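Sharing a sequence plus its predicted fold:
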Amino acid sequence: MMTATGTRAEARKHLAGRWNKGALIAFCYFIVEWILELIGTGLKNNAALSLAYQIVFFIISVPISYGFIISFVKLKRGEDIDSFGFLKIGFNNFSRAWSIAWNTFLKMIVPFIVLILFIIILGITISFNSANSILSKTSKARESVDRATIIERAELSYLEATQDYSRNPTSSNYRTMQQAKSNLENARRETSAIATVAEKKSNGIFTALMMILVFVLYFACIIYIAIKSLSLSLTPFIAYDDESISGKDACNLSQELMKGNKGNLFVLSLSFIGWAILTIFTLGIGSFWLTAYMNVSIVCFYEAVSNRNVEV
C-alpha cells in the first residue's frame, strides 16, 4: 500500500498535462451547484414551489455528485471527459447512483439514528439544566430573603435587649441581653449553613454528569460515523468499474477493501490541509486545482487498494 506521499506523487503523474482540465471540471461543478442553489433561494418566497424544488434538487444532486466523482476516474485514466461531462455521466447512471446512495444510507442509518437520539437527549438535558438553574436561583433568592428576615429579627431583639439593659442594668435584663446575643449568633450560623447547603444543591452535579456523558457519547458517535464513511468511500469507484455489481454489493466490497486501510485514507485526506490553507491566498481560485488533485489522489488510492492499477 502506497503512503500518502506516494499516492499524491502518483496523482501528480497522472495529472501532468491535465491539471487545467481537472480544475475546469471542478469549476463547472461549482457553477452548476451555485445555479441550483440560486434557483432555490429565488423560490423561498413561495413555500409550495420552494418545497417542490428542494425535493427535485435532492433527487438530482445524487447523480450529479456521482458523475462528478467518476469524472476524475476518467481524467486519471486518460479517458475523454468534457467539463460538464459529470452531468451526462450522472443522469445516464441515475438509478445506479441512487442505488449506491440508498445502500450507503442504509449502512449509515443506525449511527445516524443514534446521533439524532443523542442530540435529543442533549437538548432535553440542557433544557432541564436551564429550568433547574432558574428554579435554583428562585429558591436561593427566597431563602436569602428568609435568612435576612431571621437575622433582622434577631438583631432587633438584641438591640431592644441592649437598650433595656442600658436603661435598667439588672441581672434579669443582662440575662435577656445575653440570650438575645446568643440567638443572633445562632441565627447567623444557621443561615450560613443553610446557604452552604443550598449552594451545594444548586450545583446540579447529576445534571453536569449527564451532560458530560451525553457529550462523550455524541462525539463517539461522530467518530463512528466518520469511520463508517471511510469504509464506504470506495463504493462509487467499485460500482463504476463493475457494472454487474449491485449497489449493496459495492458497499460490502468497499467495506472489505477498507479493512486496515481506513487510517491510510484518513492520513491521505489530512495531507491536503496545507494546500487547503494556501488556497485562501488565491481567494479560493486555487481550490479548483486542489479539488482535482484530491479526487485523482483518491482514485489512485482506490486502484492501489483494489489492485486495479490502470496505466495510461
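Sure, I can see it.

Tell me which residues touch V214, please.
F118, I121, L122, T125 (C-beta atoms under 8 Å, 6 or more residues apart in numbering). To be clear about C-beta, it is placed using only N, CA and C from the backbone, and glycine gets the same treatment.

That one and V114: what is the separation?
As judged by C-beta to C-beta, to the nearest Å, V214 and V114 stand 12 Å apart.

Equivalent analysis for F266, please.
As for F266, its distance to V114 is 21 Å (criterion: C-beta to C-beta).

Equivalent analysis for P63, please.
In this view, P63 and V114 are 29 Å apart by C-beta to C-beta.

again, but for F30
According to C-beta to C-beta, F30 and V114 sit 34 Å apart.

which stretches of this structure have low pLDDT?
The model of the chain has pLDDT under 70 over residues 1, 126, 128-147, 190-204, 206-207, 308-312.

OK, contacts around the most centrally placed residue in it?
By C-alpha atoms, centre = their mean, the mean C-alpha position of the chain lies nearest to I222, the distance being 6.9 Å. Residues near I222 by C-beta under 8 Å, 6+ apart: L115.

buried sites along whichever strand or helix holds it?
Using DSSP states H and E, I222 falls within helix 205-231. Buried residues in helix 205-231, counting neighbours by 16 or more other C-beta atoms under 10 Å, are found at T207, M210, M211, V214, L217, Y218, C221, I225, K228, L230, S231.

Same question for stretch 71-90.
For stretch 71-90, using 16+ other C-beta under 10 Å, the buried residues are 71-76, 81, 83-87, 89-90.

Closest one of these to N295?
If you rank those by distance to N295 using C-beta to C-beta, F72 comes first, at 3.8 Å.

excluding its backbone neighbours, what's nearest G67?
Spatial nearest neighbour of G67, excluding adjacent residues (C-beta to C-beta, 6 or more residues apart in numbering): G90 at 2.9 Å.

thought the one you found was touching S61?
No. Contact criterion C-beta atoms under 8 Å: G90 and S61 do not qualify, at 9.3 Å.

one step back: mark which of the buried residues of stretch 71-90 are part of helices, please.
Secondary structure from DSSP state H places S71, F72, V73, K74, L75, K76, G85, F86, L87, I89, G90 of the buried residues of stretch 71-90 in helices.

can you map out the strands along the stretch 51-200 of the chain?
Under the criterion DSSP state E, counting those that start in this stretch, the stretch 51-200 of the chain contains no strands.

Tell me where it has helices.
Listed in chain order, the helices of the stretch 51-200 of the chain (DSSP state H, counting those that start in this stretch) span 85-92, 94-167, 171-201.

what inclination does the first one have with respect to helix 94-167?
Between the direction of helix 85-92 and that of helix 94-167, the angle (axes from the mean of the first three to the mean of the last three C-alpha atoms, to 10 degrees) works out to 100 degrees.

got a list of contacts for helix 85-92?
Contacts to helix 85-92, defined as C-beta under 8 Å, 6+ apart, come from residues 25, 28-29, 32, 60, 63-68, 70-71, 74, 82, 97.

Could you rerun that using 10 Å?
Around helix 85-92, the neighbours that count as contacts under C-beta atoms under 10 Å, 6 or more residues apart in numbering are 25-26, 28-29, 32, 60-75, 79, 81-82, 96-97, 240.

Report the buried members of those.
Neighbour-count burial (16+ other C-beta under 10 Å) applied to the contacts of helix 85-92 gives 25-26, 28-29, 32, 60-75, 81, 96-97, 240.

the helices in the stretch 201-312 of the chain, which residues?
Counting by DSSP H, counting those that start in this stretch, the helices of the stretch 201-312 of the chain are 205-231, 235-241, 247-257, 262-270, 273-279, 287-305.

Surely V114 is in contact with K228?
No. V114 lies out of contact with K228 (C-beta atoms under 10 Å); the separation is 11.4 Å.

Would you mind measuring from the closest residue to F68 other than its chain neighbours to L213?
Among residues not flanking F68 along the chain, F86 sits closest, at 4.4 Å (C-beta to C-beta, 6+ apart). Going from F86 to L213 by C-beta to C-beta gives 44 Å.

cool, N261 as well?
If you go by C-beta to C-beta, the gap between N261 and L213 works out to 32 Å.

how far is the helix holding I222 from where the chain is centred?
Helix 205-231 sits 10 Å away from the centroid of its parent chain (C-alpha atoms, centre = their mean, to the nearest Å).

so that helix versus helix 262-270, what angle?
Using the same axes, to 10 degrees: helix 205-231 against helix 262-270 is 90 degrees.

now the angle from helix 205-231 to helix 247-257?
With the same axes, to 10 degrees as the basis, helix 205-231 and helix 247-257 are set at 100 degrees to each other.
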